[in-house]
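In: Predicted coordinates and the sequence they were generated for:
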Amino acid sequence: MGGIETMLVNIANEQAGAGADVSVIVVNDLVDPTLESALSAKVTLYKLRRKVGSKNPLPVLRLNALLARIRPDVVHMHSASLYRYVLLPSARRRLCCTLHFMTNPDTPIRSDYHVFAISDAVRDDLKEKYGICPFQESAKQYLFFIPLVLLASTNLWWGVRLKYTPAETALYVISMLCVGFLEEVIFRGFLFKALCRTNVKQAVVISSVTFGIGHIVNLLNGRDIPETILQICYAVAIGFLFTILFLRGKSLWPCILTHSAINSLSAFANDGGAPAWHGIAGSAFLCLVSLAYVWYILRATKKEQVSHE
């Protein structure tokens, strides 16, 4: 019985001893006899006997029927690959997963369940995979991120005006910081990394365009159609920049900070009654700076790769 099985047995036995109703479900037909004998009599063991690599849907159906009957408060996976077998929305809402090994690129981690790392090494590997780690390249090579500062400051170019009360402003800024973090993790950390498994160039294009088109929902907030179209255009350009930054620097933090700053500083923008050319000029500037910075990054990093070779 290996480390995963030992941990599983210890958790199940401790929880059952504390009075919890514990069930262990083994999906594949690989039940170690020592695992079965080590489990407390208070723990219910279910064996679905799925053959490894089998395409037979019956074990998956039995798993979901079992989850529907048990109605667990928590579904604790010990492999991220099991997520695709849990089809019930009620069970998916209760999922968590313990990672025991370095992440497998063919088994991406999902954003809709809690993840626990078995060690610091696994945790650091997970953070690096999804970009929640320090920037991996020299800031000097990236012009000390000055173009990102220019992008973040565009909302303040036409003056500063306090639109809301101090309390409303604080809540707005906090919410925009959260939006910046979540959107970067979703579009760059999850979507881009998942698409990278097949084709990196397609992944760059799809994640950037998807990020831009996603801003069409602002029409529901009362935005004008021309204004929303401009926002989609520069969002695609900025999404392209952020994706390249992440691809080259292996970190989402420059993207998260810039994205959050752009969103948050809109609370102080003096855009009341501004002429239409302000919006057009600002959008054009965002696109030009984003694309020029992408060109510079690709050129600089290509030279760096050639020099190493």
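Out: Arrived safely, thanks for sending.

In: mind saving the C-alpha coords of stretch 288-304 as CSV?
Out: Extracted C-alpha coordinates of stretch 288-304, given in CSV (Å, rounded to 0.1, in the frame of the first residue of the first chain):
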residue,chain,number,x,y,z
LEU,A,288,-0.9,50.6,-30.3
VAL,A,289,1.0,50.3,-27.0
SER,A,290,-0.2,46.7,-26.5
LEU,A,291,0.8,45.6,-29.9
ALA,A,292,4.1,47.5,-30.0
TYR,A,293,5.0,46.0,-26.6
VAL,A,294,4.2,42.5,-27.9
TRP,A,295,6.5,43.1,-30.9
TYR,A,296,9.3,44.3,-28.5
ILE,A,297,8.9,41.3,-26.2
LEU,A,298,8.9,38.8,-28.9
ARG,A,299,11.9,40.4,-30.5
ALA,A,300,13.9,40.8,-27.2
THR,A,301,13.1,37.2,-26.1
LYS,A,302,14.0,35.8,-29.5
LYS,A,303,17.4,37.5,-29.3
GLU,A,304,17.9,36.1,-25.8
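
In: Show me what counts as buried in it.
Out: Residues of stretch 288-304 classed as buried by neighbour count (16 or more other CB atoms under 10 Å): 289-290, 293-294, 297, 300-301. Any C-beta I mention is one placed from the backbone N, CA and C, and that applies to glycine too.

In: Format those residues as CSV; extra columns: distance to Cys96.
Out: Compiled in CSV, the buried residues of stretch 288-304 are given as follows (distance: CB to CB, whole Å):
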residue, distance to Cys96
Val289, 42
Ser290, 38
Tyr293, 39
Val294, 38
Ile297, 37
Ala300, 42
Thr301, 38
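
In: what's the closest of the residues you listed to Glu36?
Out: Thr301 (53.6 Å; CB to CB).

In: For the closest one, which non-adjacent residue is spatially closest?
Out: Leaving out its chain neighbours, the residue that sits closest to Thr301 by CB to CB, 6 or more residues apart in numbering is Arg248, at 5.1 Å.

In: Local confidence estimate at the one you found?
Out: Here the pLDDT value assigned to Arg248 is 92.

In: Next, Cys133: secondary structure please.
Out: coil (DSSP: H, G, I helix; E, B strand; the rest coil).

In: What separation do you get for it and Leu88?
Out: Cys133 sits 34 Å away from Leu88, going by CB to CB, to the nearest Å.

In: same question, Pro72
Out: 10 Å.

In: cool, and Ile213?
Out: From Ile213 to Leu88 the distance is 31 Å (CB to CB).

In: Identify the residues contacting the residue nearest to Thr301.
Out: 137, 297-298, 301 (CB atoms under 8 Å, 6 or more residues apart in numbering).

In: 7 Å instead, please
Out: With contact set as CB atoms under 7 Å, 6 or more residues apart in numbering, Arg248 has these partners: 137, 297, 301.

In: Looking at the residues you listed, which are in helices?
Out: Among those, the members falling in helices are 297, 301 (criterion: DSSP state H).

In: Which residue in the contacts of Arg248 has the weakest pLDDT?
Out: Thr301 (83).

In: Show me where the protein has its strands.
Out: Per DSSP state E, the chain has strands spanning 23-28, 44-50, 75-77, 95-99, 114-117. These are given in chain order.

In: As a markdown table, those strands with mean pLDDT and mean neighbour count would be great.
Out: Output for the strands of the chain, formatted as a markdown table (pLDDT from 0 to 100; neighbours: other CB atoms under 10 Å):
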| stretch | mean pLDDT | mean neighbour count |
| --- | --- | --- |
| strand 23-28 | 91 | 18 |
| strand 44-50 | 91 | 15 |
| strand 75-77 | 94 | 20 |
| strand 95-99 | 91 | 19 |
| strand 114-117 | 88 | 14 |
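
In: Many thanks, have a good one.
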